[in-house]
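# Just to be clear, the model below is a prediction. Sequence and coordinates:
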Amino acid sequence: MKTYDFFAYQDNFAINQLVNSNLIFGSLLAKKPLVSITIPTFKRPELLQEAIESVLRQRDFSDFEIVIVDNDNERLYTDKITKFLLEINDKRIRYYINEQNIGVFGNWNRCIELATGTWMTVLSDDDILLDNYLVTLTNEIKLDSSLNRVECRYKHFTDSAHLKFTEKHLKLFNLTKKIVGEKSYVNFKMYLFGNFTGPHSQLFKRNLAYKMGGYNPAFNPISDYVFNIKYLYHYPNGVFINEYLCGYRFAVNASQTKLVRVGMYVWNRRLRAFLLTKNPSKFHGLLVALLNYMDLDLIRTNNSWLHKVIMKLSGRFCYLVSLMNRVILHAG
């Protein structure tokens, strides 16, 4: 298997430096905000509206901007989006359209470039924030000025009107709280067990993301996974808040297509092989073999009952290992 240096520096902003992003709505704030909520979007105006409204519903925190970056250079929904923004009439919102489609992760990098806040997040246009997202994460930043990243839990959902927690879900959540606690420290080694953090279930420092080179589209479709690990490798002081503060819309997400799932299978294996070189041990080698086996579900079409049992047990084992890893970090 070919080896890759996932932590090597690459200026991914330079890839699309000749493509302009035109400001369609809004203007820069007189004072730079503490937080930038960036929303990359592409031909989903109704879902975009839900995402924007979820940001505007934030409680007890208003020092933020919303930066929308539209990758639809055909401008099919520009009028519809602009009309909605005019109805909202919030000076914290800016809306840009790229002159060319620069790809998913090219657009996420453009979000980093256009944001002006000290801290930022990337909220996909089909996801939402819960109303205590910003106040909870920024309170943690105020408590510890040395932090470079603050993470939280996200809840899978298909319809924002029914974003509810089942009794079974709450029992599992309460169990993790007993094991991990209200919060725990995080480092890049934890991501050997999987990509726990969505692009919007974290606040990270904009200048550090830029310094690191942004999201590398060459690692598509796991460029965000690589970004999460690489960021914590270079800027290791991060904390995980054990609360559900945002929603991840599962049904609409593009990661369900067969081509993307095959890409995830291939790149996950390469990334784990690389991470083993940073933290070698027989136990981690065994864990990687187990995770690689579990990833076969990304490309399998027919599974036997035995495989399903093994997968379920393996998933629970890996979840337990990841929880214990958080406990060890917290205790340390």
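Okay, I see it. Numbers count the residues shown, from 1 in each chain.

# So which residues of the stretch 51-200 of the chain form strands?
64-70, 93-98, 119-122, 128-129, 149-157, 183-186 (DSSP state E, counting those that start in this stretch).

# so can I have a markdown table of those strands showing mean pLDDT and distance to Leu18?
Every C-beta, even on glycine, is put in place using the N, C-alpha and C of the backbone. What follows is the strands of the stretch 51-200 of the chain, written out as a markdown table (pLDDT from 0 to 100; distance: least, CB to CB, whole Å):
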| stretch | mean pLDDT | distance to Leu18 |
| --- | --- | --- |
| strand 64-70 | 98 | 16 |
| strand 93-98 | 98 | 11 |
| strand 119-122 | 98 | 23 |
| strand 128-129 | 96 | 33 |
| strand 149-157 | 92 | 31 |
| strand 183-186 | 88 | 37 |
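
# how about TSV for those strands, with mean neighbour count and distance to Leu286 added?
Formatted as TSV, the strands of the stretch 51-200 of the chain follow (neighbours: other CB atoms under 10 Å; distance: least, CB to CB, whole Å):
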stretch	mean neighbour count	distance to Leu286
strand 64-70	25	42
strand 93-98	21	45
strand 119-122	27	34
strand 128-129	26	38
strand 149-157	21	27
strand 183-186	20	23
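
# Distance to Phe274 added to those, as TSV?
Below are the strands of the stretch 51-200 of the chain laid out as TSV (distance: least, CB to CB, whole Å):
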stretch	distance to Phe274
strand 64-70	30
strand 93-98	32
strand 119-122	23
strand 128-129	32
strand 149-157	21
strand 183-186	19
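
# I'd like to know which of those strands lies nearest to Leu192.
Among these, the nearest to Leu192 by CB to CB is strand 183-186 (12.4 Å).

# which helices and strands does the helix or strand that the closest one is followed by pack with?
Downstream of strand 183-186, the first helix or strand assigned by DSSP states H and E is strand 202-205. Here strand 202-205 touches strand 119-122, helix 133-143, strand 149-157, going by 3 or more CB pairs under 8 Å, 6 or more residues apart in numbering; DSSP states H and E.

# distance of Ile39 from Pro199?
From Ile39 over to Pro199 the distance is 11 Å, taken as CB to CB, to the nearest Å.

# list the residues that contact both of those two?
122-124 (CB atoms under 8 Å, 6 or more residues apart in numbering).

# which stretches of the stretch 151-300 of the chain form helices?
For the stretch 151-300 of the chain, applying DSSP state H, counting those that start in this stretch gives helices covering 167-180, 206-212, 223-234, 258-278, 282-294.

# which of the ones you listed is buried the deepest?
helix 223-234 (a mean of 22; mean count of other CB atoms under 10 Å).

# State which strand of the protein is the longest.
strand 238-249 (DSSP state E).

# for the residue positioned nearest the centre of the chain, phi and psi?
Centroid-nearest residue in the chain: Pro199, 1.4 Å away (criterion: CA atoms, centre = their mean). Backbone torsions for Pro199, taken as degrees, to the nearest 10, come to phi -60, psi -30.

# Please work out how many residues are found near Asn279.
The number of residues packed near Asn279 is 11, by other CB atoms under 10 Å.

# Does it touch Asn187 like I think?
No - taking contacts as CB atoms under 8 Å, Asn279 lies outside contact range of Asn187: 9.9 Å.

# Excluding chain neighbours, what is closest to Glu99?
Asn20 (4.9 Å; CB to CB, 6 or more residues apart in numbering).

# if we can go back for a sec, which among the strands of the stretch 51-200 of the chain is found nearest to Lys164?
Taking these one by one with CB to CB, strand 149-157 is closest: 8.5 Å.

# Just want the angle from the closest one to helix 223-234.
150 degrees (axes from the mean of the first three to the mean of the last three CA atoms, to 10 degrees).

# from here on, count from 373
Let's use 373 as the start, then, which means that last one is strand 521-529.

# Tell me how far strand 521-529 lies from the chain's centre.
8 Å (CA atoms, centre = their mean, to the nearest Å).

# Show me what that strand is packed up against.
By 3+ CB pairs under 8 Å, 6+ apart, strand 521-529 packs against helix 505-515, strand 574-577, strand 610-621.

# what's the spacing between Gly619 and Trp639?
25 Å.

# hang on, the earlier thing: any chance of TSV for the helices of the stretch 523-672 of the chain, columns distance to Leu400 and mean pLDDT?
Output for the helices of the stretch 523-672 of the chain, formatted as TSV (distance: least, CB to CB, whole Å; pLDDT from 0 to 100):
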stretch	distance to Leu400	mean pLDDT
helix 539-552	40	71
helix 578-584	15	98
helix 595-606	26	96
helix 630-650	36	86
helix 654-666	44	76
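
# where does the protein dip in pLDDT?
373, 533-534, 544-545, 548, 551, 623-628, 669-676, 678-704 (pLDDT under 70).

# right, and the strands of the stretch 423-572 of the chain - which one's nearest Thr450?
That would be strand 465-470 among those, by CB to CB, at 6.5 Å.

# Report whether the expected contact of Asp498 with Pro417 is present.
No - if you go by CB under 8 Å, Asp498 and Pro417 don't touch, sitting 11.4 Å apart.

# These two: which is more packed in?
Shown here are Asp498 and Pro417; by other CB under 10 Å, Asp498 has more neighbours (21 against 18).
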